[in-house]
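Enquirer: the following block contains a protein sequence and its predicted model.
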Amino acid sequence: MSYPNSHPRARRALLLLALVPLGASAAESEPTTPLASVLVEGQHLTPDFSSATRAGDDITPQTTVDTASLVRDVPGAALNFNGPLAGQVQYRGLFGPRNTVSIDGMHINPGGPNWMDPPLHYLPRPYADSVTMIRGIAPVAAGIETLGGVVVARSRQQAYGDSRQWQYGGSGSITGASVDDGLSTGVQLGAANDTQRADLGAVYEHGQDARYGDGRIADSGYERRYAAGNYGLRHGASEYSAHLVYDDTRDAGNPTFPMDTEFLHTAIARLGYRHDLDNGDVSARLYYIHVHHAMNNYSLRETPDFNSMMDGPDQRRVPAKAYDWGFDLARSLRLWGGQLQGGVNAYLARNSAVVTDPQMAMFRVDAFDDAVRNLYSAYGQWQGTIAPATTFAFGTRYTHTHQNVGAGGVAASLPAAAQMLAQNFAAADRSSSDNNVDVMTQLQYALQPTTRVELTLARKTRSPSYLERDAYIPLETTGGASDGNNYVGNLGLKPEVAYEADLGLAWQQGPLSLTPRVFYSRIHDYIQGVAVDGSASDLDQATVMVSTLNGDSTPLRYENVGAKMYGADLGWQLQLATAWQLGGAVGYTRGKRTDTHDNLYRVAPLHGDAALRYAHADWGADLETVFAAAQHHVSAANHDPATADAETAGWAIVNVAAHYRFVASGTRVQAGVSNVFDRDYADALNGYNRVQNSDLAVGERLPGYGRNVYLQLTQSF
């Protein structure tokens, strides 16, 4: 038995706007695609609201092993590159905790304060079955704190059989890449009948420092081992499921961070239940995530010398831990001619991190002392037809957020300024609670069978993260901001409140289809780094003194400011002939502060891609260009004097790929070249180099990868 293939669109549908279940009631098991064949969608609320599927279904030009890079082709989406396994999804200028990412229905909380393990780190590319981004404003049922984009990812799981007879099979893949001498392998074995399913899988990935132009990006190697197992049982109208994951990442470089990943040991366990009813279904999910993490600045890179009070290099090591519990309960039913969804969610997160010096036992900073961030949420949402050619949706969500953190503390040997900051924090009220309300309404009207228009209005909220709130010592613990600044938190931060509007059109005329969207968002109390004035108070003076000893004399403090974001994005497709297709995506976002004349940090410029694809029954080919315009609208507040000019030039690269499928044997071969002309370029979303004695200067923006020749072999059986 081989793993069943999905409908052809499901191998690489980059712009599809189809519906999957929106709440926690998403099915616990569905047929999966073979290893190395990944579905990537741009998805929307209404089932048939426009479809612009990219052809060349099995073509996946590979430039990085990072799963987050798969969303690049969704209009408005981009990748914040921090390292080979530390990329973050950006959607319409928002990234990090403002975006919601779920894997198999689980919300993932990174284990460390610099997000060396962002959520999609825990779904290696060879094990990803689908990565779906909701275009536009996400429905409230899509998750808690959906102020930004929403990514719904699924791992590969064995499908049920169609008889009582047990069937066995699996698939495996191996990929080699020249740009980093990388090797990526994956295997999955499964067994199933019509009432039970089980599978085991494993992934191994390894790479050296990546090449660019005539040099290498020092400290960009990686090594990861990943294992997963699934079991499902059907009994009548009910299904029970269990899911286990273990991720072991070691010696992963992060050249844009002050430290590298020494190790990440992560265990994930999930139990699921679903029961089908005559008029809907009920589902529940309980999961636990444990991350044990350590990072340092000496095992993979030359140790920097940043502390003027100490002689010689300054070694730092930060062990960190995260413990998370999640629970979802959802009910859906057909009501009033539409579908009503409701449910409750709880997510309990606990993080800790300690800064140490391996060469000095008396050096210690309890940077995050058992930081607690608990979310308790309930939602309701209805969607249905209210008039001919008119669909309406309305939803609301209430979330109670409780946060607390221990007193922290620093070693007695540290300077008096550090003692002052620690004592002030210990004496403060470190507990807070927020009551947030999200509302979303959407109206869709069919102007004609091939033209639909959609208007969505929403109020979305987000409470501050523990990093933004609880950092009392100025450190470069920024959740992957990669701007070179040290930050200090703010216990008085208010929740962000965004008022959003999105207008979309789906138009098709013969072989041409377009899905343009325009959007506007006004964000009150947007959380942003603001320069600390060392002369304003004794506490601010101490903050600047400690930050200077930690390598940055111009630290930032998280503050509530005003912000607005607006722009447009477009997906398009032109069917040239039965087997030939042109398609692409383009997005533009403008982010501004409304309390000053500054720009928001790390917003992608005008960017997109266009591809010519040929798809035959057994083989296909892809010629693609990826481009970005110059970015001159950069943040002055976030620019650190130690980094290069924040503005970037425009660029474009060309990728080619082809594949052939041996149907009888279940073998598939793919080969390709990314950045065919070995173009030297620097993407505006790449962070700044922090590694000494590299081919790149310290503070220089990381370049894009050079020419990459890769070969992939996939076998199903």
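Expert: Great, that's in hand. Numbers count the residues shown, from 1 in each chain.
Enquirer: all strands for the stretch 251-400 of the chain, in order.
Expert: Secondary structure of the stretch 251-400 of the chain by DSSP state E, counting those that start in this stretch: the strands cover 260-277, 280-296, 317-335, 338-357, 360-387, 390-404.
Enquirer: export those to JSON lines and tack on mean neighbour count?
Expert: For every residue, glycine as well, the C-beta is placed using N, CA and C. Below are the strands of the stretch 251-400 of the chain laid out as JSON lines (neighbours: other CB atoms under 10 Å):
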{"stretch": "strand 260-277", "mean neighbour count": "19"}
{"stretch": "strand 280-296", "mean neighbour count": "20"}
{"stretch": "strand 317-335", "mean neighbour count": "20"}
{"stretch": "strand 338-357", "mean neighbour count": "20"}
{"stretch": "strand 360-387", "mean neighbour count": "18"}
{"stretch": "strand 390-404", "mean neighbour count": "19"}
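Enquirer: need those in a markdown table (columns: mean pLDDT and distance to residue 708).
Expert: As requested, the strands of the stretch 251-400 of the chain are exported to a markdown table (pLDDT from 0 to 100; distance: least, CB to CB, whole Å):
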| stretch | mean pLDDT | distance to residue 708 |
| --- | --- | --- |
| strand 260-277 | 98 | 22 |
| strand 280-296 | 98 | 27 |
| strand 317-335 | 97 | 32 |
| strand 338-357 | 98 | 35 |
| strand 360-387 | 97 | 37 |
| strand 390-404 | 98 | 43 |
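Enquirer: got a pLDDT number for the closest residue to residue 713 other than its chain neighbours?
Expert: In this structure, residue 713 finds its nearest non-sequential neighbour in residue 174, 5.4 Å apart by CB to CB, 6 or more residues apart in numbering. pLDDT for residue 174: 96.
Enquirer: residues near residue 174, how many?
Expert: Look at residue 174: counted by other CB atoms under 10 Å, it has 18 neighbours.
Enquirer: tell me which residues are up against the helix or strand it falls within.
Expert: Here residue 174 is covered by strand 167-177, with elements defined by DSSP states H and E. Residues outside strand 167-177 that contact it (CB atoms under 8 Å, 6 or more residues apart in numbering) are 1-3, 34-36, 62, 65, 126, 161, 182-193, 199, 207, 666, 708-717.
Enquirer: show me the domain layout of the chain.
Expert: 8-155, 167-716 (automatic domain parsing).
Enquirer: out of those, which is the most enclosed?
Expert: Stretch with highest mean neighbour count among the domains of the chain: domain 8-155 (a mean of 25; mean count of other CB atoms under 10 Å).
Enquirer: and that one, average pLDDT?
Expert: Averaging the model's pLDDT scores along domain 8-155 yields 73.
Enquirer: turn the strands of the stretch 251-400 of the chain into TSV, including distance to residue 88.
Expert: Formatted as TSV, these follow (distance: least, CB to CB, whole Å):
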stretch	distance to residue 88
strand 260-277	15
strand 280-296	17
strand 317-335	17
strand 338-357	18
strand 360-387	19
strand 390-404	22
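Enquirer: can you say which of those strands is nearest to residue 489?
Expert: Proximity to residue 489, assessed across these by CB to CB, is greatest for strand 360-387 (9.5 Å).
Enquirer: from the contact counts, what lies against that closest one?
Expert: strand 317-335, strand 338-357, strand 390-404, strand 432-448, helix 466-470 (3 or more CB pairs under 8 Å, 6 or more residues apart in numbering; DSSP states H and E).
Enquirer: any chance of these in CSV, with distance to residue 503 too?
Expert: What follows is the helices and strands packed on strand 360-387, written out as CSV (distance: least, CB to CB, whole Å):
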stretch, distance to residue 503
strand 317-335, 28
strand 338-357, 22
strand 390-404, 15
strand 432-448, 10
helix 466-470, 31
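Enquirer: among these, which comes closest to residue 628?
Expert: Closest among the helices and strands packed on strand 360-387, once you apply CB to CB, is helix 466-470, at 28.2 Å.
Enquirer: check the offset of that closest one from the chain's centre.
Expert: From the chain centre to the centre of helix 466-470 is a distance of 20 Å (CA atoms, centre = their mean, to the nearest Å).
Enquirer: cool, and stretch 330-338?
Expert: For stretch 330-338, the distance to the chain centre is 31 Å (CA atoms, centre = their mean).
Enquirer: send the alpha carbons of it over as PDB?
Expert: Output of stretch 330-338 as PDB, limited to C-alpha atoms (Å, rounded to 0.1, in the frame of the first residue of the first chain):
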ATOM      1  CA  ALA A 330     -15.600  22.800  19.500                       C
ATOM      2  CA  ARG A 331     -19.100  22.200  18.300                       C
ATOM      3  CA  SER A 332     -20.500  22.800  14.800                       C
ATOM      4  CA  LEU A 333     -24.000  22.500  13.600                       C
ATOM      5  CA  ARG A 334     -26.200  23.500  10.700                       C
ATOM      6  CA  LEU A 335     -28.500  26.300  11.800                       C
ATOM      7  CA  TRP A 336     -30.600  29.000  10.200                       C
ATOM      8  CA  GLY A 337     -29.600  27.900   6.700                       C
ATOM      9  CA  GLY A 338     -25.900  28.100   7.500                       C
END
